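*Asks:* Attaching a predicted model along with its sequence, questions to come.
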Amino acid sequence: MSVKAVLFDADGVVINSELFFAFYKNKNKISNEEINQFFGGIFQECLINNADLKQEIEKKLISWKWKGSVDELLLSWFNFENK
């Protein structure tokens, strides 16, 4: 039997879970504005390869109260949302 279709749930319709940064900002008392500014701004440039995600996140480590490295943040983010 061959594969007839592949379904990707990129927008959370089939698998609906909390996003890492929603969880993280609440846990660490970071403002919505702080997170939304990043994801509505430079993160959009990272998505289309006009900015480097690791470099941009490194600029946010202090204001996001992250104690580890950029790589550790990315690993936590991707593991948290890996459903």
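*Replies:* Perfect, thanks for sending it.
*Asks:* Backbone dihedrals for E81, please?
*Replies:* E81 adopts backbone torsions of phi -90, psi 0, taken as degrees, to the nearest 10.
*Asks:* so it makes contact with F20?
*Replies:* Yes. Between E81 and F20 a contact is recorded at 5.5 Å, counting by C-beta atoms under 8 Å. The C-beta positions use only the backbone N, C-alpha and C, and glycine is treated the same way.
*Asks:* tell me the mean pLDDT for stretch 55-72?
*Replies:* Averaging pLDDT along stretch 55-72 yields 96.
*Asks:* Report the backbone C-alpha coordinates of that stretch in PDB.
*Replies:* Extracted C-alpha coordinates of stretch 55-72, given in PDB (Å, rounded to 0.1, in the frame of the first residue of the first chain):
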ATOM      1  CA  GLN A  55      21.300  36.100  16.900                       C
ATOM      2  CA  GLU A  56      17.900  37.700  17.500                       C
ATOM      3  CA  ILE A  57      17.000  35.500  20.400                       C
ATOM      4  CA  GLU A  58      20.400  36.100  22.000                       C
ATOM      5  CA  LYS A  59      19.500  39.800  22.200                       C
ATOM      6  CA  LYS A  60      16.400  38.900  24.200                       C
ATOM      7  CA  LEU A  61      17.900  36.500  26.800                       C
ATOM      8  CA  ILE A  62      18.200  39.100  29.500                       C
ATOM      9  CA  SER A  63      14.700  40.700  29.000                       C
ATOM     10  CA  TRP A  64      13.200  37.200  28.800                       C
ATOM     11  CA  LYS A  65      14.900  36.200  32.000                       C
ATOM     12  CA  TRP A  66      16.500  33.100  30.400                       C
ATOM     13  CA  LYS A  67      19.400  31.800  32.400                       C
ATOM     14  CA  GLY A  68      20.800  29.400  29.800                       C
ATOM     15  CA  SER A  69      22.100  29.600  26.200                       C
ATOM     16  CA  VAL A  70      20.300  30.300  23.000                       C
ATOM     17  CA  ASP A  71      20.600  26.700  22.000                       C
ATOM     18  CA  GLU A  72      19.100  25.600  25.400                       C
END
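*Asks:* Sweet, I'm off.
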